[in-house]
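Undergrad: Sequence first, then the predicted structure:
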Amino acid sequence: MDNLNYGIIGNCRSAALISNTGSLDWCCLPQFDSTSVFAKLLDEKKGGNFEIVTKYSYEITQKYFANTAILVTRFSDGENIFELHDFMPRYYKLTGKYNAPPEIVRYVKYISGAPKFTVLYDPKLEYAKGDTQNHVKNNFIVSLTDKEKFDTLFLYTSFNKNHVISGEEITLKEDGYFLVCYNEKILKPSTEKMSLELERTKIYWLDWVDRTPTYKRFNPEIIRSALTLKMLTYDKTGAVLAAPTTSLPETIGEVRNWDYRFCWIRDASMVIKVVSELGHKNSAKRYLQFIIDLMPDKDEKLQIMYGINKEKELTEQTLEHLDGYKGSKPVRTGNAAYKQKQNDIYGILMDVIYEQLHKFSNDIENGEELWSITKGIVWIVNKHWQEPDKGIWEFRGEDRHFTFSKILCWVALDRAIKVAKIFGKHRKIEQWTSLEKEIKADIHANAWNEDVNAFVQSYGSYDLDSSVLLMEPYGFIDAHDPKYVSTVKAIEKELSNDGLLYRYKNEDDFGLPSSSFTICTFWFINALFKIGEEEKALAHFEQLLSYSNHLGLFSEDIDFKTKRLLGNFPQAYSHLALIECAINFSKKQTETKMLESIK
């Protein structure tokens with residue numbers, strides 16, 4: 001089946017996607033949101049790629065080196081075998097800082113025989129807007145373009161550079177390497193140095209995973225998802241990306257194609273909450289500093305999203321010269337949604353702030369700033385919670401009173417009260433408690449629909465929405481409350497399609513949704529688990545895991561019929577929800593074993 005059969009490599013500065021045949025088809029340098037240097041993913045003819053080509057007699061298999069972000073593609077015809085170890089360097093330097101250059105190492109490991117391959121090296125700089133010329137120099141191959149904008153890329157290799165460029169056959173007799181660099185190297189690379197880079201990067205990721213708890217069930221899936229989330233963090237500022245790609249369509253041939261190389265406050269906060277659960281508090285610290293830096297003024301309202309370097313304007317444009325993934329136009333850069341008003345982000349952010357203070361209260365360096373942000377958020381929610389907005393799904397039409405947004409306004413007050421208790425600010429608690437009760441009463445009065453017997457998408461509507469399932473995890477309602485149980489049942493009946501969930505089924509700005517939003521199915525599985533249908537939830541979870549690609553990675557969407565992955569990839573949303581589900585099942589098994597031992 002035609003699918004997003006890619007692996008991601010990255011170093012918390014940028015990332016690259018490599019196909020299951022070893023073709024480097026997507027990478028932006030020097031950072032995540034830069035222009036692309038390889039973009040075959042978005043145009044098979046014009047986008048450019050870097051591929052190791054073998055004859056059909058070679059079988060190609062692919063996996064990650066266990067517990068790392070190093071991707072291993074193995075080429076074997078039985079007698080002649082070699083491996084491609086792809087990674088972006090990341091490790092600690094003696095100074096204590098990270099080494100994470102804008103580079104990709106393709107380490108060619110000789111295994112046996114006399115394997116032969118040719119190289120297709122075809123970078124297309126600046127989103128392939130103009131011609132990219134390759135020139136062989138003494139120490140490297142330089143690729144440059146100067147039509148739209150001047151840009152360069154350097155390739156260092158242990159192989160004959162003229163053979164690489166001309167596509168002549170190469171016979172492998174020992175280990176070798178390719179090093180793709182955004183910057184020209186000062187010190188000349190060598191195979192020995194690249195082998196050392198490989199080992200240092202391997203140790204970095206093994207150490208990172210070693211600091212992650214081990215779970216009784218689904219531990220490999222949790223680890224792979226955690227590594228993926230880590231690769232979507234941008235160390236320089238603490239931002240977290242929704243995905244490293246742009247314009248991978250929600251449905252083939254349609255126009256629901258968006259640039260996800262930005263930091264959504266909602267997505268990022270959810271990621272950080274999960275990463276904190278796994279014990280990685282440094283990511284949480286950096287993200288909180290990212291938020292603090294964005295709110296220098298006490299009355300400044302948060303945007304729903306920012307650039308990874310805190311940019312506030314993310315003007316949306318289209319790249320008309322690119323055909324799009326499988327012909328799905330348009331290809332977009334930037335995202336017009338940054339102008340939208342979404343009232344849920346304040347509750348999601350307050351939830352993260354509370355979780356960090358609750359978990360790491362003895363190690364919070366910026367408590368005073370977080371208290372100022374808390375007061376500012378309450379002020380904003382108090383002023384705006386009764387107003388309609390665009391909602392979690394970013395409807396581009398008229399504003400509505402979305403239930404999820406209202407619930408998260410309640411969450412903002414609930415967590416602010418808890419933060420006030422941590423800081424001993426008792427004067428605020430009474431004042432905020434009355435507002436919290438007012439919002440809760442309003443939701444019960446207006447979001448519940450007796451005819452549907454469920455909490456609905458927006459006030460006064462009859463439409464169901466998967467996001468409403470989150471009212472229980474956020475503590476708004478008890479899992480066994482009859483209203484919540486009946487909401488779960490109604491959503492299952494209306495929005496489930498062969499175990500996969502729609503976000504909603506009502507028509508939006510682009511028509512009727514035709515693919516499943518992956519995170520919604522994870523939310524549904526969690527909801528089933530919470531209301532006591534654990535065996536059913538587990539069956540759904542195991543089925544959903546089978547829809548991942550060959551490396552256990554998920555995109556944003558899944559086609560209902562073919563189960564192919566769709567949308568931007570890999571998607572932070574999907575992997576954070578996978579972890580939440582897996583942890584629930586693992587904890588349940590642990591609890592069961594404890595009870596059995598007591599008996």
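TA: Nice, I can see it. Worth saying up front: this structure is predicted, and the values here are computed from it rather than measured.

Undergrad: where's G376 relative to Q457, distance?
TA: Distance, G376 to Q457, by Cβ to Cβ, to the nearest Å: 29 Å. C-beta coordinates here come from the backbone N, C-alpha and C atoms, glycine included.

Undergrad: Looking at those two, which is more packed in?
TA: Per other Cβ atoms under 10 Å, whichever of G376 and Q457 has more neighbours is Q457, with 27 against 18.

Undergrad: Who does W264 form a beta bridge with?
TA: Residues in a beta bridge with W264, per DSSP bridges, are M305.

Undergrad: and it, what is it in contact with?
TA: Going by Cβ atoms under 8 Å, 6 or more residues apart in numbering, W264 touches 242, 304-305.

Undergrad: now the residues you listed as CSV including distance to K329, neighbour count and pLDDT?
TA: Listed next are the contacts of W264 as CSV, based on distance: Cβ to Cβ, whole Å; neighbours: other Cβ atoms under 10 Å; pLDDT from 0 to 100:
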residue, distance to K329, neighbour count, pLDDT
A242, 21, 24, 97
I304, 25, 23, 89
M305, 23, 26, 94
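
Undergrad: Skipping adjacent residues, who's closest to E148 in space?
TA: By the measure of Cβ to Cβ, 6 or more residues apart in numbering, the closest residue to E148 outside its immediate chain neighbours is K129, 4.3 Å from it.

Undergrad: Quick check, that neighbour in contact with D146.
TA: No - using Cβ atoms under 8 Å, K129 is not in contact with D146; the gap is 11.0 Å.

Undergrad: So between those two, which is more surrounded?
TA: Applying other Cβ under 10 Å to K129 and D146 shows that K129 carries more neighbours, namely 17 against 14.

Undergrad: Kindly provide the distance from the more buried one to C409.
TA: Separation of K129 from C409 (Cβ to Cβ): 44 Å.

Undergrad: likewise Y287?
TA: Look at Y287 and C409: by Cβ to Cβ, they are 22 Å apart.

Undergrad: got it, and A128?
TA: Counting by Cβ to Cβ - A128 and C409 are separated by 44 Å.

Undergrad: low pLDDT regions in the stretch 351-500 of the chain?
TA: Across the stretch 351-500 of the chain, residues meeting the criterion (pLDDT under 70) sit at 361-364, 396.

Undergrad: where along it do the helices fall?
TA: Using DSSP state H, counting those that start in this stretch, the helices of the stretch 351-500 of the chain run over 367-384, 403-423, 426-446, 482-495.

Undergrad: Of these, flag the one that's most buried.
TA: helix 403-423 (a mean of 24; mean count of other Cβ atoms under 10 Å).

Undergrad: what's the angle between that one and helix 367-384?
TA: Counting by axes from the mean of the first three to the mean of the last three Cα atoms, to 10 degrees, helix 403-423 lies at 140 degrees to helix 367-384.

Undergrad: ok, now which ones touch A336?
TA: Applying Cβ under 8 Å, 6+ apart to A336 gives the contacts 314-316.

Undergrad: Name the nearest of the residues you listed relative to K383.
TA: L314 (25.1 Å; Cβ to Cβ).

Undergrad: Tell me how far the closest one lies from W264.
TA: Relative to W264, and taking Cβ to Cβ, L314 is found at 11 Å.

Undergrad: Next one: the residue nearest to E148, what pLDDT does it get?
TA: Note on K129: pLDDT of 95.

Undergrad: give the contact list for it.
TA: So K129 contacts 145, 147-148, 319, 321 (Cβ under 8 Å, 6+ apart).

Undergrad: Please state the backbone phi and psi of it?
TA: Dihedral angles of K129 (phi, psi; degrees, to the nearest 10) stand at phi -70, psi -30.

Undergrad: what's the distance between it and Y260?
TA: K129 is 21 Å from Y260, by Cβ to Cβ.

Undergrad: Which helix or strand lies directly C-terminal to the biggest strand by length in the chain?
TA: Taking DSSP state E as the criterion, the chain has its longest strand at strand 103-112. Where DSSP states H and E defines the elements, the next helix or strand beyond strand 103-112 is strand 116-122.

Undergrad: Mind giving me the packing neighbours of the helix or strand immediately after that next one in the chain?
TA: Remark: after strand 116-122, the chain's next helix or strand is helix 125-128, criterion DSSP H and E. When contacts are defined as 3 or more Cβ pairs under 8 Å, 6 or more residues apart in numbering; DSSP states H and E, helix 125-128 packs onto strand 36-38, strand 141-145, strand 151-157.

Undergrad: repeat that for 7 Å
TA: strand 141-145, strand 151-157 (3 or more Cβ pairs under 7 Å, 6 or more residues apart in numbering; DSSP states H and E).

Undergrad: gap between the closest residue in space to W393 that isn't next to it in sequence and S486?
TA: Computed as Cβ to Cβ, 6+ apart, the closest residue to W393 that is not its neighbour in sequence is R503, at 5.8 Å. Distance of R503 to S486, computed by Cβ to Cβ: 20 Å.

Undergrad: likewise E184?
TA: In terms of Cβ to Cβ, E184 sits 64 Å off from S486.

Undergrad: Check S434 too.
TA: S434 is 29 Å from S486, by Cβ to Cβ.

Undergrad: try W448
TA: Counting by Cβ to Cβ, the gap from W448 to S486 is 10 Å.

Undergrad: same question, K505
TA: Taking Cβ to Cβ, one finds K505 at 18 Å from S486.

Undergrad: cool, and E174?
TA: 67 Å.

Undergrad: do A582 as well
TA: 27 Å.

Undergrad: What is the burial count for K55?
TA: Other residues close to K55 by other Cβ under 10 Å number 12.

Undergrad: Could I get the phi/psi values of it?
TA: Dihedral angles (degrees, to the nearest 10) for K55: phi -70, psi 160.

Undergrad: Local confidence estimate at it?
TA: Confidence at K55, expressed as pLDDT, is 95.

Undergrad: residues in contact with it?
TA: Going by Cβ atoms under 7 Å, 6 or more residues apart in numbering, K55 touches no other residue.

Undergrad: 8 Å instead?
TA: Counted by Cβ under 8 Å, 6+ apart, K55 has contacts 77, 116.

Undergrad: now the strands: where do they sit in the stretch 1-150 of the chain?
TA: Remark: strands assigned in the stretch 1-150 of the chain by DSSP state E, counting those that start in this stretch are 6-10, 15-19, 24-28, 36-38, 49-53, 59-64, 71-76, 81-87, 91-92, 98-99, 103-112, 116-122, 133-136, 141-145.

Undergrad: Give me the buried stretch members for the longest strand of the chain, please.
TA: 103-110 (16 or more other Cβ atoms under 10 Å).

Undergrad: Of those, just say which sits nearest to K124.
TA: The closest of the buried residues of strand 103-112 to K124 turns out to be I104 (Cβ to Cβ; 15.4 Å).

Undergrad: That closest one: what's it in contact with?
TA: I104 neighbours (Cβ under 8 Å, 6+ apart): 9, 16, 24, 27, 86-88, 179-180.

Undergrad: From what I see, the residue nearest to W393 and S466 are in contact.
TA: Yes - between R503 and S466 there is a contact under Cβ under 8 Å: 5.4 Å.

Undergrad: Thanks a lot, see you next time.
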